[in-house]
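Peer 1: return a 3D structure for these sequence lines:
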Amino acid sequence: MSAGPAETPSPFGDLGYARGSIRFEPGGIRLVRRPGGRPPAGSFYPYSDITHIDLGPRAIWLGLYKNTLVLRRKHFAQGDGPERLARGLARQIALQPGGAAQWARIQEVDRLAARPAPRIATTGVVLLCVALMALQLADPFVQDVGSFVPGLFAAGEWWRIVSANLLHSLALFPTHIIVNSILILGFALLVERPLGPLRTLVVMALAGVGAMAASSLAGYSEVIGASGLAAGLVGAELALELHFAERLPASWRLSRPFFLAVLLLQAAIDLALPLVAGAAHLGGFLVGYVAACGLAPDALARRRPSPRLRAAGIVVAVFTVASLAAPVPILLRDGAALSRHATALLAIRDFPAHRYNDLAWRMATETTLSKGQTELAIALAERAVSETERRNPDVLDTLAEALFVAGDSRGALSVIDEAIGLTDGEAYFVEQRRRFTGERAADDRPEPPYAPWMLRRPEAMEPIPGLDPSKGVEI
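Peer 2: Numbering: from 1, shown residues only. The predicted model follows:
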């Protein structure tokens, strides 16, 4: 909290700080560097530029119109150095032209800093992401059903625009979810405290939609991850810092040069790494920035959310719940739901072959299909076989399985023989053939190989078209 102007003023003079000193001068304070000393960069700070004085247990934060100055207690030569600095600043601000109005604004910021600031929205989103990651680990099909695929979204799988923002890549577990969770929780300190839970929820929801829309415009074939939500919070923080800095408690702000440097670094990373969804980050960032500009004035004035804003929050909550419930029939392997999903997937061209193959295998082995549904499974498997140029025995095995389930034992034998030839008689495929000939019970499927064919085959460096599961997936 800041010190009041009625307290004992600090006289002109020096306060020892970090092998240097803080000097009170008629127009502001000056940080003086001594040989070997390391005071903060920037030597002179006018009193008129101070927006807030925040005394904490470990530092004193000085809010400025275009930056924040953090002075650590341990660097003061006197134990009560921060308190003396606060009293001196209060005195000098009161003596400046317009000082009374400036001090009234500082006290208003004090009242904002004292307001309870529960971080419900960001914590809730992170907990939801963690719960869904547990579900993904239990059933990897969750990722296929929930990632954002523009073609599937356009085909009626509307929930993906929400679910993709809450799921994370299994291939990058646990790094992907940990990094996004840290970013969301970290920026909760900077965004949800001033905006409040409801407004922050709306910002993240809009940012998530913006991230997926930008991904679609950029031509990404598949996107997954909460980085769009995190980018929205980053954009909101930039809006607060650039447009409302004088109304924020000093300890709720970042050093502006540091913040801008981090933004430039993130932009460079987005451009350099092929699997990073730079367009999604940019979309979430821009929407978060605009949303915060619109929501911040009322939040910082401590006005209650309007009926329209409360209604928006209800819509976000209901739509999120509906989006998580909508794909449940697919995840439960309901034949009709899988068929609708298969029809939508077959309408997409140039999609990773493993996605056609995985769905075909699930349809053939994890549910009981009608004749029409079996035909869809065969069509998916044939698409995967075509995409991999009949060179992937695992994909050929899926087609053989689908044909066998459909009652075409001759076709299944023909295809499995191709797989056996490619693998020089790998035991799994031989046992599959024994099932198809009746030497082994039809429901006695052998244990599948320990790893995909790319990792099992001797010439592992030779690429097989359409085999890479990460093809087209942005995070």
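
Peer 1: now do the helices in the stretch 51-200 of the chain.
Peer 2: Counting by DSSP state H, counting those that start in this stretch, the stretch 51-200 of the chain has helices at residues 81-95, 99-114, 120-138, 141-146, 150-154, 160-163, 175-187, 193-195, 197-218.

Peer 1: between the last one and helix 120-138, how many degrees?
Peer 2: Think helix 197-218. Angular relation of helix 197-218 and helix 120-138 on a 0 to 180 degree scale: 50 degrees, by axes from the mean of the first three to the mean of the last three CA atoms, to 10 degrees.

Peer 1: same thing with the first one?
Peer 2: Orientation check (the same axes, to 10 degrees): helix 81-95 against helix 120-138 gives 130 degrees.

Peer 1: contacts only, for the closest residue to Ala296 other than its chain neighbours.
Peer 2: Distances taken as CB to CB, 6 or more residues apart in numbering put Phe244 closest to Ala296, at 5.3 Å, once the chain neighbours are dropped. For the C-beta atoms, the positions are set from N, CA and C on the backbone; glycine is no exception. By CB atoms under 8 Å, 6 or more residues apart in numbering, Phe244 lies in contact with Pro194, Ala296, Pro297, Leu300.

Peer 1: for Ala364, which of the helices of the stretch 51-200 of the chain is the nearest?
Peer 2: Minimum separation from Ala364 across the helices of the stretch 51-200 of the chain (CB to CB) falls at helix 141-146, 13.9 Å.

Peer 1: pull the residues that contact the closest one.
Peer 2: Under the contact criterion CB under 8 Å, 6+ apart, helix 141-146 has outside partners 132, 135-136, 159-160, 163-164, 166-167, 169-170, 224, 327, 330-331, 341, 355, 358-359, 362.

Peer 1: try it again at 6 Å.
Peer 2: With CB atoms under 6 Å, 6 or more residues apart in numbering as the test, helix 141-146 has contacts from Leu135, Gln136, Ser163, Leu167, Leu170, Pro327, Ile330.

Peer 1: do the same with stretch 117-135
Peer 2: Taking CB under 6 Å, 6+ apart as the rule, stretch 117-135 contacts 142, 166-168, 177, 181, 184-185, 188, 192-193, 197, 200-201, 226.

Peer 1: which of these sits closest to Leu240?
Peer 2: Scanning these for proximity to Leu240, where the rule is CB to CB, the winner is Arg193, at 10.1 Å.

Peer 1: could you count how many residues lie near the closest residue to that closest one other than its chain neighbours?
Peer 2: Among residues not flanking Arg193 along the chain, Ala117 sits closest, at 4.0 Å (CB to CB, 6+ apart). Ala117 has 18 neighbours, counted by other CB atoms under 10 Å.

Peer 1: how much space separates Ala117 from Pro249?
Peer 2: 10 Å (CB to CB, to the nearest Å).

Peer 1: how many other residues sit next to Asn67?
Peer 2: Here the count is done by other CB under 10 Å, and Asn67 has 21 residues near it.

Peer 1: for the closest residue to it other than its chain neighbours, phi and psi?
Peer 2: Closest residue in space to Asn67, ignoring its immediate chain neighbours: Arg256 at 4.9 Å, by CB to CB, 6+ apart. Main-chain torsions, Arg256, degrees, to the nearest 10: phi -60, psi -50.

Peer 1: Tyr65 is in contact with Arg256, correct?
Peer 2: No - in this structure, Arg256 is not within contact of Tyr65 by CB atoms under 6 Å, at 10.0 Å.

Peer 1: which of these two has more neighbours?
Peer 2: Applying other CB under 10 Å to Arg256 and Tyr65 shows that Arg256 carries more neighbours, namely 17 against 12.

Peer 1: look at that one and report its pLDDT.
Peer 2: pLDDT for Arg256: 93.

Peer 1: what distance do you get for it to Leu69?
Peer 2: Between Arg256 and Leu69 the computed distance is 11 Å (CB to CB).

Peer 1: quick one: secondary structure of Ile29?
Peer 2: With DSSP: H, G, I helix; E, B strand; the rest coil as the basis, Ile29 sits in strand.

Peer 1: if it is in a bridge, with which residues?
Peer 2: As for beta bridges, Ile29 partners with Phe24, Tyr45 under DSSP bridges.

Peer 1: isn't it up against Ser43?
Peer 2: No - taking contacts as CB under 6 Å, Ile29 lies outside contact range of Ser43: 9.5 Å.

Peer 1: who's more crowded, these two?
Peer 2: Between Ile29 and Ser43, counted using other CB under 10 Å, Ile29 has the larger neighbour count: 22 against 14.

Peer 1: just the buried residues of the contacts of Phe244.
Peer 2: Neighbour-count burial (16 or more other CB atoms under 10 Å) is assigned, among the contacts of Phe244, to Pro194, Ala296, Leu300.

Peer 1: how near is Leu359 to Leu170?
Peer 2: Leu359 is 16 Å from Leu170, by CB to CB.

Peer 1: what does Ala113 give?
Peer 2: Distance from Ala113 to Leu170, by CB to CB: 42 Å.

Peer 1: check Met212 too.
Peer 2: Between Met212 and Leu170 the distance is 20 Å, computed by CB to CB.
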